[in-house]
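Enquirer: Got a sequence here, can you build the structure:
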Amino acid sequence: MMLAACSGGAAGRAARADHSSATSSSSAPSTTAPSTWPYDRVQPPHVIEYGEDVGASVRSLLAYGAWLAAHHPDPALIELAYAPGSPPFNVMQREVAELRRRRERLVEIDRAPFGVEIISLDPNVVSFRLTEHLAHRDVVDSKGRMISGEPAATEHYLVSMVRSFSDQPWRLNLVERERPKIEVQL
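Expert: As a prediction, the model looks like this:
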């Protein structure tokens, strides 16, 4: 979750995994591109912040976070997906500001949509186990040249979203990458 899918605890920059692109369909180049930012012309994904389809809501909030990192790194827009003051909000604020300062973008391409499993469901708090099928995650410069990259991987996250009341918008308040399970055989 990065960043893109999921923000708040990924390898490399913390925000990359946290805001992973839940449903990224971008085919942005990972090596070269025109000297202007082609990514900036991509419209933000529709955010589903109200309603009871919690799976659609969490996917849309994660996709919005990924869009911020890949297409429009503006710290002022983070509160549209993340609960102010929450750990992923704070991480995104730092990471998006750094991407903007360095004139870089974090581009995540997934092999398949996120797998979303509800762990707990309360009226105003929902927690999920999210599986991201990452094809690659690249940091690119303003010319589209790859600065760094991560290869294909399957990553797992714990994600929760909250709202104050049923008539308030959903916001992400936890996006934490699960560490790989280590098995020791004797």
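Enquirer: what's the spacing between Ser160 and Leu62?
Expert: 12 Å (CB to CB, to the nearest Å). To be clear about C-beta, it is placed using only N, CA and C from the backbone, and glycine gets the same treatment.
Enquirer: So which of these two has more stuff around it?
Expert: Just comparing Ser160 and Leu62: by other CB atoms under 10 Å the higher neighbour count belongs to Leu62, 36 against 19.
Enquirer: Helix or strand next in line after the lowest-mean-pLDDT helix or strand in the chain, which one?
Expert: Lowest on mean pLDDT, DSSP states H and E among the helices and strands of the chain sits helix 14-17, with a mean of 31. Using DSSP states H and E, the helix or strand that directly follows helix 14-17 along the chain is helix 54-71.
Enquirer: C-terminal to that next one, what's the next element?
Expert: helix 87-102.
Enquirer: now that next one against helix 54-71, angle please.
Expert: Helix 87-102 runs at 20 degrees relative to helix 54-71, counting by axes from the mean of the first three to the mean of the last three CA atoms, to 10 degrees.
Enquirer: next one: helix 87-102 to chain centre, how far?
Expert: Its chain's C-alpha centre and that of helix 87-102 lie 12 Å apart, by CA atoms, centre = their mean, to the nearest Å.
Enquirer: Kindly report the same for stretch 85-95.
Expert: 12 Å.
Enquirer: Give the rounded mean pLDDT of it.
Expert: Averaged across stretch 85-95, the pLDDT comes to 96.
Enquirer: so where's the chain uncertain?
Expert: Residue ranges of the chain with pLDDT under 70: 1-40.
Enquirer: please redo it, this time with the cut-off set to 90
Expert: 1-42, 51-52, 114, 141-145, 179-186 (pLDDT under 90).
Enquirer: and Asn173, what does it touch?
Expert: Contact analysis of Asn173 by CB atoms under 8 Å, 6 or more residues apart in numbering lists Tyr82, Ala83, Ser86, Pro87, Pro88, Phe89, Ser160, Met161, Val162.
Enquirer: Mind doing that once more with 10 Å?
Expert: For Asn173, the contact set (CB atoms under 10 Å, 6 or more residues apart in numbering) comprises 8, 82-89, 125, 127, 159-163.
Enquirer: pretty sure it is in a strand, no?
Expert: Yes: Asn173: assigned to a strand according to DSSP: H, G, I helix; E, B strand; the rest coil.
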